[in-house]
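*Asks:* need a structure here:
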Amino acid sequence: MNPEDENEQNEKSLKYSVKEAAVSSFSFGLADNYLSAYAIALKSTTAVIGLLTALPNLIGPLAQTLTSRLMKKWSRKRIFLVAVFIQILFWLPIIYTAFLYLNGYKNSPSLLVIFFVVYIFFGNIAGPAWISWMGDLVDEKKRGKFFGQRNSIGSLTAAVGIILGGFILDYFKFHKVLVIFWGFALIFAIAMILRFVSLYFIFKQKEPKFVLSKESDFSFLQFIKKARFNIFGKFSICVALMLFAANIAGPYYAVYMLRELKFSYTEFMLVNLAAVFATFIYMPLWGKAGDKFGNVGILKVNSLLVAVPCFLWFFTIFFSQSISFYFLVGVNFFAGFAWAGYNLSAGNFFYDCVSPQKRSYCSAYHNILNGLGVVVGALLGSFLIEQLPIKSFSVIMFISLMSGLARVIIAIITFYAVKEVKSVEKDLVFDTICEALRGKL
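*Replies:* Residues are numbered from 1 along each chain as shown. Predicted coordinates:
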């Protein structure tokens, strides 16, 4: 195949990838985004809500270690298609948990956790194959721009999904002749259909030739031993620590809004939507900035910015419900702005510092660390909510402050530990901020 035909096929594949992102993100916004609300409707305890975040993030990354073994026998495309197909089917038992609950089965919340863990397990098998595949399709010089645009379109369709999900659930909630679980069943069923459509777009994408060499095979223990001596290892540790800090409070904001602030599903949806809308606006800008100025500067600045919303959430203890709603829309918009920059720069830096042959292994091990960070953070948050003897104000808002302080500490560590690996144009804004903080701290 001549280079022009190959480039044309790559461009078509990338267009299909954008379409896939649009459809799958719509599905995510419509269904996955409301899993915590579904668990709350099933009368789940705070501990179960924590497990709903913790266990998938522990088991899921472990599943990724299987992907590299599968890649020795199967193509990356086949791995992705089969794993995601099985994942989609698990929406059926997730829906069925509601009907068990309605028939008096007391362990429905626990079953939901189990089914969701399996759902995430198969999704994570697909993850490293997709990362390796996309790394070969996307031009290194255009990586930030492409993923910024792709993620931005995905965030827009996710926003539409979130809006539709919120309206459907509130319709079922306020029409008392209907049962709210029929609303959840409807949005989950629509999400299933959409994911099957997204698989069609994956099927249409070209997969470049790839053979996993024996030299690229290394164990998780070898990765851990060398982590503190190389840039990628330090980067992985910093991201895992940030996810630990974020999940001390992150999983429990939904509980706070629905149980303590008594938000409707529409209000809950609009608060979440603010972050998605900010991601849509700023993701392409962060992508272009990453291509021009490097991903590390953006990562460092946003590692500080993601701490700010934690402190702002705390002020809601002084506000009425209506003021809290409008305030949190603004807070979550800022959070979406900061996390868009952090997540995109972290994702693109992964490609900068990992060779194509090692991407599947490094992705799996990187996500195992991330999963551990999420698990420990979520379980710590759950433990503190259950055990702290705070009665004068919300204990969830207290752990929000703790989460913010932890994020600031980890941002400082990131400033010193992570270095740029590619030649980029320097930017005085990022350099000045970094140097100022180093001088003060």
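*Asks:* nearest residue to residue 286 other than its sequence neighbours?
*Replies:* Distance criterion Cβ to Cβ, 6 or more residues apart in numbering; nearest residue to residue 286, sequence neighbours excluded, is residue 341 at 4.4 Å. The C-beta positions use only the backbone N, C-alpha and C, and glycine is treated the same way.
*Asks:* Please tell me how far that neighbour sits from residue 245.
*Replies:* Counting by Cβ to Cβ, to the nearest Å, the gap from residue 341 to residue 245 is 17 Å.
*Asks:* now swap in residue 154 and tell me
*Replies:* Taking Cβ to Cβ, one finds residue 154 at 25 Å from residue 245.
*Asks:* Where does pLDDT dip in the protein?
*Replies:* Along the chain, segments meeting pLDDT under 70 span 1-6, 176-178, 210-217, 421-441.
*Asks:* Now the residue most central in space within it: which helix or strand?
*Replies:* In the chain, the residue lying closest to the centroid (Cα atoms, centre = their mean) is residue 343, at 8.3 Å. Here residue 343, judged by DSSP states H and E, is contained in helix 321-353.
*Asks:* Can you point out the buried residues in that helix?
*Replies:* Neighbour-count burial for helix 321-353 flags 324-325, 327-329, 331-353 (criterion: 16 or more other Cβ atoms under 10 Å).
*Asks:* wouldn't the residue nearest to residue 286 be in contact with residue 300 here?
*Replies:* No. Judged on Cβ atoms under 8 Å, residue 341 makes no contact with residue 300 at a distance of 10.2 Å.
*Asks:* Specify the angle between the helix or strand containing residue 150 and helix 321-353 in degrees.
*Replies:* Per DSSP H and E, residue 150 falls inside helix 143-174. Relative orientation of helix 143-174 versus helix 321-353 (axes from the mean of the first three to the mean of the last three Cα atoms, to 10 degrees): 150 degrees.
*Asks:* roughly how far out does helix 143-174 sit from the chain middle?
*Replies:* 13 Å (Cα atoms, centre = their mean, to the nearest Å).
*Asks:* just checking, what packs against whichever strand or helix holds residue 361?
*Replies:* If you go by DSSP H and E, residue 361 is part of helix 359-387. Using 3 or more Cβ pairs under 8 Å, 6 or more residues apart in numbering; DSSP states H and E, the elements in contact with helix 359-387 are helix 46-70, helix 108-137, helix 220-227, helix 231-249, helix 321-353, helix 395-417.
*Asks:* Out of these, the one nearest residue 87 is which?
*Replies:* Nearest to residue 87, of all the helices and strands packed on helix 359-387, is helix 108-137, at 3.9 Å by Cβ to Cβ.
*Asks:* Hmm, residue 249 and residue 400 touching each other?
*Replies:* Yes. Using Cβ under 8 Å, residue 400 is in contact with residue 249, at 4.4 Å.
*Asks:* can you count the residues close to residue 72?
*Replies:* 10 (other Cβ atoms under 10 Å).
*Asks:* same question, residue 365
*Replies:* That count, for residue 365 with other Cβ under 10 Å as the rule, works out to 27.
*Asks:* correct me, but residue 152 touches residue 285?
*Replies:* No. If you go by Cβ under 8 Å, residue 152 and residue 285 don't touch, sitting 9.0 Å apart.
*Asks:* Those two: who's more crowded?
*Replies:* More neighbours surround residue 152 than the other of residue 152 and residue 285, with 22 against 15 (other Cβ under 10 Å).
*Asks:* circling back: most neighbours per residue, which of the helices and strands packed on helix 359-387?
*Replies:* Compared across these, helix 231-249 shows the largest average neighbour count, a mean of 23 (mean count of other Cβ atoms under 10 Å).
*Asks:* Can you list the buried residues in the next helix or strand after that one?
*Replies:* Of the helices and strands lying after helix 231-249 in sequence (DSSP H and E), the nearest is helix 253-255. If you call a residue buried by 16+ other Cβ under 10 Å, then helix 253-255 has these buried ones: 253-255.
*Asks:* want to throw these into TSV with distance to residue 272?
*Replies:* As requested, those are exported to TSV (distance: Cβ to Cβ, whole Å):
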residue	distance to residue 272
253	9
254	9
255	14
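*Asks:* Pull out the buried positions in stretch 13-32.
*Replies:* Applying 16+ other Cβ under 10 Å to stretch 13-32 flags 13-14, 16-32 as buried.
*Asks:* before we move on, back to that, quick check: angle from the helix holding residue 150 to helix 108-137?
*Replies:* Angle between the axes of helix 143-174 and helix 108-137 is 160 degrees (criterion: the same axes, to 10 degrees).
*Asks:* List the buried residues for helix 143-174?
*Replies:* In helix 143-174, counting by 16+ other Cβ under 10 Å, buried: 143-166, 168-170, 172-173.
*Asks:* What of stretch 196-208?
*Replies:* For stretch 196-208, using 16+ other Cβ under 10 Å, the buried residues are 198-199, 201-202, 205-207.
*Asks:* about what we covered before: which single one of the buried residues of helix 253-255 is nearest to residue 50?
*Replies:* The shortest approach to residue 50 among the buried residues of helix 253-255 belongs to residue 255, at 9.6 Å (Cβ to Cβ).
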